[in-house]
Every structure is written in C-alpha cells, then in structure tokens.
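**Student:** Fold the following for me, if possible:
(one chain, ligands or ions: 2)
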Amino acid sequence: MSLPIIDIGPFLKSSDPSVREATAAEIHSACLNYGFFYLNISAYADPSEPEELTTLARSFFSLAQEEKDKISLGSNDKARGYARLKENVTNGKADNHEGIDFYRPVENPDKSKPLWGENLWPTIPAFKEKYEQWIGKMKALGLIVMEAMALGLGMTPDEWQQLRGQVDDSFWVMRIIGYPPLPTDHDGFSCGAHRDYGCLTFLYADPTPNALQVFLPKRAAEIINGTSSITNGLPSEEGGEEGVWITADPIPGCVVCNIGEMWEIWTNGLYRSTLHRVIHRSSNYRIPFFFEPNFDANISPLAAAARIKSAQPSTVPNGETKEYKPVVYGKFLLGKVTNNFAGGSKYD
Ligand SMILES: O=C(O)CCC(=O)C(=O)O
Ligand SMILES: [Fe+2]
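**Tutor:** Ligands and ions are numbered 1, 2, ... in the order given. Predicted coordinates:
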C-alpha cells in the first residue's frame, strides 16, 4: 500500500483545461483522503539539485560542534539557525536530530524579537547560493500546487486570486535535518509524531527506508488498503485513534508533499493535516521546504470548501461539523515559536 503519486508535469506543461483539471482532481482526492502524497517533480527539477544540497548539508553537519554552534539559533532569534542534536523536543521527548532553519528574510531584522533575526548561513562555499536557488524553486512550486488545489476545490478565478493573495509572499521555512542513526535504546524518535502547522510541505528525503511514517486514520487506511482489518492505533497519549502507521519511503523524482493546519482552517476540516514521525536508523540528511502563507494572511474557511461539504456531506471526515476559527498566520506562528523557546513542544 502506498500513498498516491501525482505528476505535476502535465499541469505545468499543458494549457488544456481537462489535463489541468485531472491533476487538480488527483490532488483534491489525495488531500481529502490522506493529507499526504508524492509529487513527481521530475518535469520541474533535476534530481541533481537536491542531491547537491544534501552534499552541502553533509559538509556542514560533519564540522566540529563548536563550528556548528557559531550559527546557533539560541544566540539569534530562537528560530533561525542551527539546533543541536536533541535540542528539539516533540511530545516532551528529545528528537534525535540536528538541523538548521532558514525563514523568509524580514525588513528591519532584530534578533531580540523571536523569529525576527537574520538567517545564519554556514560559510561553506556555494551553500547559500545553492539553497537560495532551491528556495526560489520551491516557492514557485508552492504557488503552482496552490493553484491546482484551488482548481480541485472548484474555486472560481476570483476566489483563487483572493487565496493567492494570502500566499504570494510566503513566509517560507527551509529546514535541513541531519539524522544520526536512532539508537535502539533512545526514549523517543528521530522526530516525534506531529502535524505540520502551515500550508504545504515539500520534503526531499534521503533514500533510507522506513524512516518517515504517516498515521492513516481507519477511514484512510481502508481506502488505501481496500480492507477494514485495521489492527493497531495510536497510543492513548496521542488520542488513541484507530488507524495504521504506514511508511512513506522516498521515490526517485518525487518530493513527499503534505498539508499543514492552515489547510484545515481553509477547508473547515475537509482536509486534515496528517500525523507523521521519523524513525531513522542510518545517518543521512533531509531537506523539507515549508511553503507557508504570508505573515499577515488572515486564514479563514473558504466558501469553496463549504460548497463541497454541503453538496457531498459524506466527504467530511467522520461527519464532523466543527467550525474552525480564523487565525492570522504570523500570530499563530509566533505562538508556536515562543512556545518552543519556553521549552514547549517542537513547532512543526
Ligand atoms: O525527515 C522527515 O522525513 C520528515 C521531517 C518532518 O516531518 C518535519 O520536519 O516536519
Ligand atoms: Fe513534519
């Protein structure tokens, strides 16, 4: 059983509305059922590009600890920069990874304010340039996938323009994660179970198998599996919901794409941000790019999602009628970052 594989090539290259609509429909169905899918981007990016980025990541993470600490986020704005192994905590347990985070640059940076400093780049030659190229590409991909999602939700051109205005200056995050092998006696995970909080994640993953695991609630697991014999579920501290953990192993030419909590709000729960975790048994690097809304975007339920819900009530997960409250993305994000700084949970 595998998550759907969706090729973005035809959507990019064809001006035929039926071709574009077919891709949009595939994305809609993947978001509705799983919140996760593989996006084949081989028509858009050469695999050598992210490969080069992981090589650069390897040169950084193999430096001496004191060298890495020179760009530590702790002495910056608590968000941008390097976090040591086990500095991130999820569900009260240290994550067994180290990483560097970069965010969209801000005007008038001030590192005494959480999130408001400058990005701290390793001094390794070509590091910044190569990552900036990838960021540019992933930002553009974000807008392309958003347009396909708008089409998949049946949004009118005006509605799409309105939504586009909430993501056209994305407050993106580029993360580089270094995973050492998870010791078998480690009390926790390489990255503990969490939901991404933003809009769209594009994960370029190293080939280590069985590392990324996605929790499919019973309903989604039945669709993917074609059976109702679901045996395991979540531990009670994670809600006890019935379902299965499936592995989302990397597929050449594809990024793993998943939707964050902002999509739950936009769709009033029609799309769900799916729980995932990492158990990484070898040593390698992964580079998720988080395409997020604009900092001051006002995120509230979209009329298009309401139309689908009233026309097709059976599509609503568990028939739930919860009304999602609007948030201003930047405020929501600051809440996450400040929480993390105070020693709370990891904020992705
Ligand atoms: O490394 C992975 O496979 C996933 C990382 C992740 O979920 C995250 O950084 O939000
Ligand atoms: Fe994640």
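
**Student:** Show me what from the stretch 201-348 of the chain comes close to ligand 1.
**Tutor:** Residues of the stretch 201-348 of the chain found near ligand 1 (Cβ under 6 Å from any ligand atom) are L203, A205, A211, L212, H276, V278, R286, P288, D348. (Glycine included, C-beta is placed from N, CA and C.)

**Student:** State the pair within the residues you listed that is farthest apart.
**Tutor:** A211 and D348 (16.0 Å; Cβ to Cβ).

**Student:** Looking at those two, which is more packed in?
**Tutor:** A211 (24 against 20; other Cβ atoms under 10 Å).

**Student:** Now E67: which helix or strand?
**Tutor:** Assigned by DSSP states H and E, E67 belongs to helix 65-68.

**Student:** Check which helices and strands that helix sits against.
**Tutor:** Using 3 or more Cβ pairs under 8 Å, 6 or more residues apart in numbering; DSSP states H and E, no helix or strand is in contact with helix 65-68.

**Student:** tell me which residues in that helix are buried?
**Tutor:** K68 (16 or more other Cβ atoms under 10 Å).

**Student:** Mind checking the pLDDT average for it?
**Tutor:** For helix 65-68, mean pLDDT rounds to 97.

**Student:** Residues contacting the very next helix or strand once past that helix, please?
**Tutor:** Sequence-wise, the next helix or strand downstream of helix 65-68 (DSSP H and E) is strand 81-83. Residues from elsewhere that reach strand 81-83 (Cβ atoms under 8 Å, 6 or more residues apart in numbering): 68-69, 71-75, 98-101, 117, 119-120.

**Student:** switch to 6 Å and redo it
**Tutor:** With contacts defined as Cβ atoms under 6 Å, 6 or more residues apart in numbering, strand 81-83 is touched by K68, I71, S72, L73, G99, I100, L120.

**Student:** Pick out the most distant pair among the residues you listed.
**Tutor:** Farthest pair in those, by Cβ to Cβ: G99 and L120, 12.5 Å.

**Student:** the more surrounded of those two?
**Tutor:** With neighbours defined as other Cβ under 10 Å, G99 and L120 compare such that G99 has more, 25 against 19.

**Student:** Now that one: closest residue in space that isn't a chain neighbour?
**Tutor:** I177 (4.6 Å; Cβ to Cβ, 6 or more residues apart in numbering).

**Student:** element containing the one you found, please.
**Tutor:** Per DSSP H and E, I177 falls inside strand 173-179.

**Student:** And F102, by the same measure?
**Tutor:** strand 98-103.

**Student:** which other residues reach that strand?
**Tutor:** Taking Cβ under 6 Å, 6+ apart as the rule, strand 98-103 contacts R80, Y82, A83, R84, L85, N119, V173, M174, R175, I176, I177, G178.

**Student:** distance of the closest residue to P317 other than its chain neighbours from V316?
**Tutor:** Spatial nearest neighbour of P317, excluding adjacent residues (Cβ to Cβ, 6+ apart): R272 at 6.0 Å. Relative to V316, R272 is positioned 11 Å away (Cβ to Cβ, to the nearest Å).

**Student:** E49 too?
**Tutor:** 39 Å.

**Student:** Compare those two (neighbour count), which wins?
**Tutor:** V316 (19 against 13).

**Student:** Help me confirm that E52 is found in a helix?
**Tutor:** Yes. When DSSP: H, G, I helix; E, B strand; the rest coil is applied, E52 is found to be in a helix.
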